[in-house]
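Colleague: sequence-free structure coming up:
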């Protein structure tokens, strides 16, 4: 599983012209599932995201996780993160997990974050979404679990 984390001052998702999710300060997490991903990877990735220290402490050092920074998390399923970009000029999605299994893993990921006492908003799985964000830093991190 892959998660692209962006430290944000704000983020929102719109589907068909309507806002479906919004957070203030926190993490925008774009998540993609690849073949061989399963429930244990979804849980491990969520735990890693929750504990990933990318927020500044009082001295300006990135020593705080999203919970310690009193932030929220916006989870946006992003199929394109599963792309194989190693060759050619077009992404291959042969490594992507099927939508039904991906949906289940994203649900487990979100549920795990909520069980870790995080406030979580969600995009809409499979929808064409417009994602609006203010990336603070900019700070963007790619996390993977194998």
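Modeller: Yep, that arrived. Everything quoted here is computed from the prediction, not taken from an experiment.

Colleague: C-alpha from now on. contacts and neighbour counts both.
Modeller: Fine.

Colleague: Next, the contact list for the most centrally placed residue in the chain, please.
Modeller: Nearest to the geometric centre of the chain sits residue 29, at 2.0 Å (Cα atoms, centre = their mean). Neighbouring residues of residue 29 by Cα atoms under 8 Å, 6 or more residues apart in numbering: 3-6, 73-76.

Colleague: Among those residues, name the buried ones.
Modeller: The neighbour count (16 or more other Cα atoms under 10 Å) marks 3-6, 73-76 as buried among the contacts of residue 29.

Colleague: Let's have those in CSV, adding pLDDT.
Modeller: Shown next, in CSV, are those (pLDDT from 0 to 100):
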residue, pLDDT
3, 97
4, 98
5, 98
6, 98
73, 98
74, 98
75, 98
76, 98
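
Colleague: how about the residues you listed in CSV, adding distance to residue 114?
Modeller: As requested, the buried ones among the contacts of residue 29 are exported to CSV (distance: Cα to Cα, whole Å):
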residue, distance to residue 114
3, 17
4, 18
5, 17
6, 19
73, 10
74, 12
75, 11
76, 15
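
Colleague: Among these, which are located in strands?
Modeller: Judged by DSSP state E, the buried ones among the contacts of residue 29 include 3-6, 73-76 as members of strands.

Colleague: Now do the residue nearest to the centre of the chain, the pLDDT please.
Modeller: Looking at residue 29, its pLDDT is 98.

Colleague: Confirm it sits in a strand?
Modeller: Yes - assessed by DSSP: H, G, I helix; E, B strand; the rest coil, residue 29 belongs to a strand.

Colleague: distance of it from residue 72?
Modeller: 10 Å (Cα to Cα, to the nearest Å).

Colleague: now the helix of greatest length in the chain, how far from the chain's geometric center?
Modeller: In the chain, with assignment by DSSP state H, the single longest helix is helix 99-115. Distance of helix 99-115 from its chain centroid, counting by Cα atoms, centre = their mean, to the nearest Å, is 11 Å.
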